[in-house]
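Undergrad: This is the structure alone, sequence omitted:
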């Protein structure tokens, strides 16, 4: 803690005259806030790209074999005459999943809000390792460029699915893609490095740099979630990197880890991928849960219901997330007895998830709900996450999974969790912390328009996918009309596609609101939402070094409508006559 | 098909009914949970919306509520797990294949299904075996066991009407069994992304009566003899 104080002193002695050059301030910045914003811009660009890829897929599924409007700009190798080729469709499937998971949702949650919120919310001047933090962004950006390059090389981008199951992903003979598949591997290895650098920074910062009085059980739930997520990232990403390096070796230097003809094991890839992949699922939802908790308490003007059980649910999910990977492999040929074990552990993960949902409801119960735009998105997050959680029960049951595995039921489920869950929580978080990031407010009117259009079209797109799945519609097929039993579903596919185009178009409102508010939005005061957490006690945006002097914390972040004060909020650092100064830090800490 | 219907299409194998039953149990439980939770949410949103003169109550939680919803959820998932185990064992368990099942071998390959039939002797690996491409012929009400493998990438054997899916994995020979209950034509599709022809890796499934099958088998054996 002594080091923290020293850094803050140095920064305050500089008198806030920011002498950094343009390059140091905006490009190669070591300020966690700037790095968070850099991650934000990068991942929103990739989010838009991932969405564009999905629109092309939806065109083909809704109107198979018809030329895509404006598709003549695509080269012959992707869409001759504007009609998508099956191999290009496979690249779309693969790159949509890859960009959304690794370059949009994960950096939005972890890269953006891990960076922006952790130091501000714990009362620290910056991350523990600011230069490593800067490196983490530029490494991630390079990984994104390598992944994008796949579209430009001969043979096209990777086409074996975002899960890259071996041996399809091993040779061009099987997938038709050679260099693109290798670039996929290289990009993920590079991205993994960025994630590991970020994670060790977050963990160190949360453990070592909390302000005086910021005990573990006074941490906002967003910070608890980001902390547990960082531990998951640190442990899970090396497994992915290892697996991907093995795959790259199989592709390039003639090893045979996953090739049975030469003694390799096909299922080894799946075990490694999902041993990473299931913790990854929780990496993609825990921070969303944490930030939604902060926003729901604020919007309800009421303390979060069951703070401690929320913390233990986060830890419980983080732990159980390691022992459920086999549920992705029930039909893979894995020992069926193992299937039973994984079914039980998977069903049990419903328990901490249910605890969280009930506590959000409990928070709203007897509150006074203020529906600002972030609150609307956070409430939608709860409503949609409930659907995604409940649909997960169907596939956890091994016998019913036999039928719905690899169908659109799974596609519906993952999108209810990742879009309905994570992305709605992200819309909530972006609109909530936008004033703190940019010093201006986003337009609440256009925010509400965007919210309602998104909520309606989102459900029109993904809810009927449950029905497609229940009729046996397989995933990742280029032309469903090849099957007689799928032909009656074609009108539904068309409906979904049209709803998807409208959903995509509605995002332009968000994009415009985001960009225009940056320049023309109303100036934000320090605490526009009347929140208790430390970041709202400093100006919007906070100065370099965050806090003019290290704040002292007297309570948790959810003291809304406390009887001790007349206002309906009570900041964490406000000292009441009854508060005692926190115990001095032990020597040598 | 009704657009928002949660009913399953008709099943046509002995275990389809058991799998569908589990589905309807889960549908009922999750359906009740869905309406309770989303209903409570909507009620709260309306009832506790900010109005002049109302202040939120200063409540931090309730241990009793936490214990209640934790244990109710835990008990429910345990019940679902206990229900699922016997059906899973029946379909996929290593010792579940009936001893009198008719043997077939299926080799998946980009992008077709090679089905090897045992011929008249009912034994695979003998001289009268013959192979057909993208045609699966079986007998109604008779258990059939398929030795499933792949020679290139992973494919997945999926007959929706039988509620049966099993990945075909290169390097593994997986025994998968079923017993059709309906005569007629069905479709076999590939459910695992297997390359650019994945979407058209389709086979016709014909379920015969025993007499019908014998007649068909005789024809096929003749063709084999001529060849």
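TA: Great, that's in hand. These numbers were taken from a predicted model, which means no experiment stands behind them.

Undergrad: spatially speaking, which residue is in the middle of chain A?
TA: The residue lying closest to the centre of chain A (Cα atoms, centre = their mean) is residue A:105, at 3.2 Å.

Undergrad: That one contacts residue A:423, doesn't it?
TA: Yes. Using Cβ atoms under 8 Å, residue A:105 is in contact with residue A:423, at 6.9 Å. Every C-beta, even on glycine, is put in place using the N, C-alpha and C of the backbone.

Undergrad: Skip the chain neighbours and tell me the closest residue to residue A:399.
TA: Distance criterion Cβ to Cβ, 6 or more residues apart in numbering or on different chains; nearest residue to residue A:399, sequence neighbours excluded, is residue B:87 at 3.9 Å.

Undergrad: That neighbour: neighbour count?
TA: By other Cβ atoms under 10 Å in any protein chain shown, 20 other residues sit near residue B:87.

Undergrad: Equivalent analysis for residue A:383, please.
TA: A count of nearby residues for residue A:383, using other Cβ under 10 Å, gives 18.

Undergrad: Then residue A:483?
TA: With other Cβ under 10 Å as criterion, residue A:483 counts 20.

Undergrad: How about the contacts made by it?
TA: For residue A:483, the contact set (Cβ atoms under 8 Å, 6 or more residues apart in numbering or on different chains) comprises B:187, B:189, B:202.

Undergrad: still on that earlier bit, now the residue nearest to residue A:399: which helix or strand?
TA: Secondary structure assignment for residue B:87, by DSSP states H and E: helix B:63-92.

Undergrad: what's the answer for residue B:116, then?
TA: Here residue B:116 is assigned to strand B:112-117, by DSSP H and E.

Undergrad: Excluding covalently adjacent residues, which one is nearest to the residue in chain B that chain A sits nearest to?
TA: Going by Cβ to the nearest Cβ, chain A is nearest to residue B:171 of chain B, at 2.6 Å. Of all residues not flanking residue B:171 in the chain, residue A:260 sits nearest, at 2.6 Å (Cβ to Cβ, 6+ apart).

Undergrad: Is the biggest helix by length in chain B positioned near chain A?
TA: Identified as the longest helix of chain B according to DSSP state H is helix B:16-47. Yes. Helix B:16-47 reaches chain A (Cβ under 8 Å from any Cβ of the partner chain) through B:18-19, B:22-23, B:26-27, B:29-30, B:33-34, B:37-38, B:40-41, B:44-45.

Undergrad: how about that helix: buried residues?
TA: Neighbour counts over helix B:16-47 (16 or more other Cβ atoms under 10 Å in any protein chain shown) mark B:16, B:18-20, B:22-23, B:25-27, B:29-30, B:33-34, B:37, B:41, B:44 as buried.

Undergrad: Run the chain-centre distance for that helix.
TA: Taking Cα atoms, centre = their mean, to the nearest Å, the mean C-alpha location of helix B:16-47 is offset from the chain mean by 23 Å.

Undergrad: Please work out the average pLDDT along it.
TA: Across helix B:16-47, pLDDT averages out at 97.

Undergrad: what is the orientation angle of it with helix B:63-92?
TA: Calculated by axes from the mean of the first three to the mean of the last three Cα atoms, to 10 degrees, helix B:16-47 forms an angle of 160 degrees with helix B:63-92.

Undergrad: ok, the residue of chain B most remote from its centre - contacts?
TA: Residue farthest from the centre of chain B, counting by Cα atoms, centre = their mean, is residue B:53 at 57.1 Å. Neighbour list for residue B:53: empty [criterion: Cβ under 8 Å, 6+ apart].
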